[in-house]
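Engineer: Next one to model:
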Amino acid sequence: MNKSTDIRLPAEWEPQSAVMLTWPHKNSDWQDRLEAIEQVYMQICKTIASYQHCIIVCLDETHQKHIKSCLNSIDTNVQNCIFYICKSNDTWCRDYAALTTLNSEQLTLNNFIFNGWGNKYDASFDNAMTQSLYNIGMFETNNVNNHDFVLEGGSIETDGQGALLTTAACLMKRHTDKTREEINNYLNTSFGTNHILWLEHGSLSGDDTDCHIDNLARFSDPTNIIYAACDNPDHPDFAPLESMKAELEKLKKADGTPYKLIAIPVPEPIYDEEKLLPASYVNFLIINDAVLVPVFGQESDAYALKTIQNCFPDREIIGIMATALIQQYGGIHCATMQFPEGTINIL
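Structural biologist: Next comes the predicted model:
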């Protein structure tokens, strides 16, 4: 942690008050695949609600009634579901929801600019969502820091102790007017970090986020990094993932010691027509007492689940079929945002 400040960006494995999702709707990119994607969201919500509160952002009252009906049909603990109505462009709330920092006992919502992954897509509603949800009383804290800085939640990964992992492909592309030192300084000031680790390599075909870190490498604790590997030389992503592996092997913690690396090979290529989709097991979500892991109906699923179980021995590991999610180039982590304990106004 940065010694000049008490600000801290908590790790995902720390106690949570709730996890947020934005439910797919007819005006989103899911309009032609709503039935399939809703089945995935139902399973994600049911799982979260069995452990903690689940926030579901709905398009309107009709949409909310429909979602409740869906969840009731699979015996979800809807008492743990909190519904808010708010306009949205898309469902990938990891990238536009608030990032919550701690300053001693004080919580602050950090509201960054979301521009549709580099102005690729309209994001006007998504960019306004944090302020809209704040205005209608979702948050317990009154502290909101509106940043004049583009940042997506899926582009950074923290150990909660001052280290932050990211990719040059994403952050440098979002800030062509800034040097790496300037970006480092901004992140350190915003999050209280003091050890920013940049990856120059690593990518998955079909990923339109410019190489978000949450598809590539994740902390499971301050010592371990789980990463997407590839042991098939014929896989289209073999070369970039091998280059990333070599980089990860050279990374050092703040004290100069190396990280322990845990490889999880990506599944065999999954295509939507002729387009290769960005399937990765490391796009998992950590919640209170459990980890939700994307699976793809392949033999490699079992190895991924076992490996992640070894990294989180005290949590239940739950596979969620995610082939429908990657058809819009995201995963479970991309579709969710956790909030630290005390952040949410539990109704």
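
Engineer: Do a quick rundown of the helices in the protein.
Structural biologist: 34-49, 61-72, 116-119, 124-127, 129-135, 168-174, 180-191, 238-250, 300-311, 323-326 (DSSP state H).

Engineer: what's the first one packed up against?
Structural biologist: It stands for helix 34-49. Using 3 or more C-beta pairs under 8 Å, 6 or more residues apart in numbering; DSSP states H and E, the elements in contact with helix 34-49 are strand 16-22, strand 53-58, helix 61-72, strand 290-295, strand 316-321, helix 323-326. The C-beta positions use only the backbone N, C-alpha and C, and glycine is treated the same way.

Engineer: Go through these and name the closest to Thr141.
Structural biologist: Each of the helices and strands packed on helix 34-49 has some distance to Thr141 by C-beta to C-beta; the shortest is strand 16-22, at 10.6 Å.

Engineer: That closest one packs against which elements?
Structural biologist: Using 3+ C-beta pairs under 8 Å, 6+ apart, strand 16-22 is in contact with helix 34-49, strand 53-58, strand 285-287, strand 336-340.

Engineer: run the last query once more with 7 Å
Structural biologist: Where contact means 3 or more C-beta pairs under 7 Å, 6 or more residues apart in numbering; DSSP states H and E, strand 16-22 is packed against helix 34-49, strand 53-58, strand 336-340.

Engineer: so which of the ones you listed gets nearest Phe114?
Structural biologist: So among the helices and strands packed on strand 16-22, strand 336-340 is nearest, using C-beta to C-beta, at 11.9 Å.

Engineer: pLDDT of the closest one, averaged?
Structural biologist: With pLDDT averaged residue by residue, strand 336-340 scores 98.

Engineer: Direction included, what does that strand pair up with?
Structural biologist: Paired strands of strand 336-340, with direction, are strand 16-22 (antiparallel) (DSSP bridges).

Engineer: Leu9: which of the helices of the chain is closest?
Structural biologist: With C-beta to C-beta as the yardstick, what comes closest out of the helices of the chain is helix 180-191 (4.1 Å).

Engineer: Let me see the mean pLDDT of that closest one.
Structural biologist: On average, helix 180-191 scores 98.

Engineer: just stretch 255-269 next, same as before
Structural biologist: Mean predicted confidence for stretch 255-269 is 97.

Engineer: Likewise for stretch 87-95?
Structural biologist: On average, stretch 87-95 scores 97.

Engineer: Can I get the helices and strands packed on strand 16-22 in a markdown table including mean neighbour count and distance to Gln131?
Structural biologist: Shown next, in a markdown table, are the helices and strands packed on strand 16-22 (neighbours: other C-beta atoms under 10 Å; distance: least, C-beta to C-beta, whole Å):
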| stretch | mean neighbour count | distance to Gln131 |
| --- | --- | --- |
| helix 34-49 | 19 | 24 |
| strand 53-58 | 24 | 13 |
| strand 336-340 | 25 | 15 |
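
Engineer: Determine which of those approaches Asp214 most closely.
Structural biologist: It's strand 336-340; of those, that one is closest to Asp214 (C-beta to C-beta) at 10.5 Å.

Engineer: and the angle from that closest one to strand 53-58?
Structural biologist: Put simply, strand 336-340 runs at 130 degrees to strand 53-58, going by axes from the mean of the first three to the mean of the last three C-alpha atoms, to 10 degrees.

Engineer: of the helices of the chain, which approaches Leu102 most closely?
Structural biologist: helix 180-191 (10.2 Å).

Engineer: Send me that closest one as PDB with only the CA atoms.
Structural biologist: Output of helix 180-191 as PDB, limited to C-alpha atoms (Å, rounded to 0.1, in the frame of the first residue of the first chain):
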ATOM      1  CA  ARG A 180       3.200   5.200 -18.600                       C
ATOM      2  CA  GLU A 181       4.600   7.200 -15.700                       C
ATOM      3  CA  GLU A 182       1.600   9.500 -15.800                       C
ATOM      4  CA  ILE A 183      -0.800   6.600 -15.800                       C
ATOM      5  CA  ASN A 184       1.100   5.000 -12.900                       C
ATOM      6  CA  ASN A 185       0.900   8.200 -10.900                       C
ATOM      7  CA  TYR A 186      -2.800   8.500 -11.500                       C
ATOM      8  CA  LEU A 187      -3.500   4.900 -10.500                       C
ATOM      9  CA  ASN A 188      -1.300   5.100  -7.400                       C
ATOM     10  CA  THR A 189      -3.000   8.300  -6.300                       C
ATOM     11  CA  SER A 190      -6.500   6.900  -6.900                       C
ATOM     12  CA  PHE A 191      -6.100   3.500  -5.400                       C
END
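
Engineer: Perfect, I'm done here.
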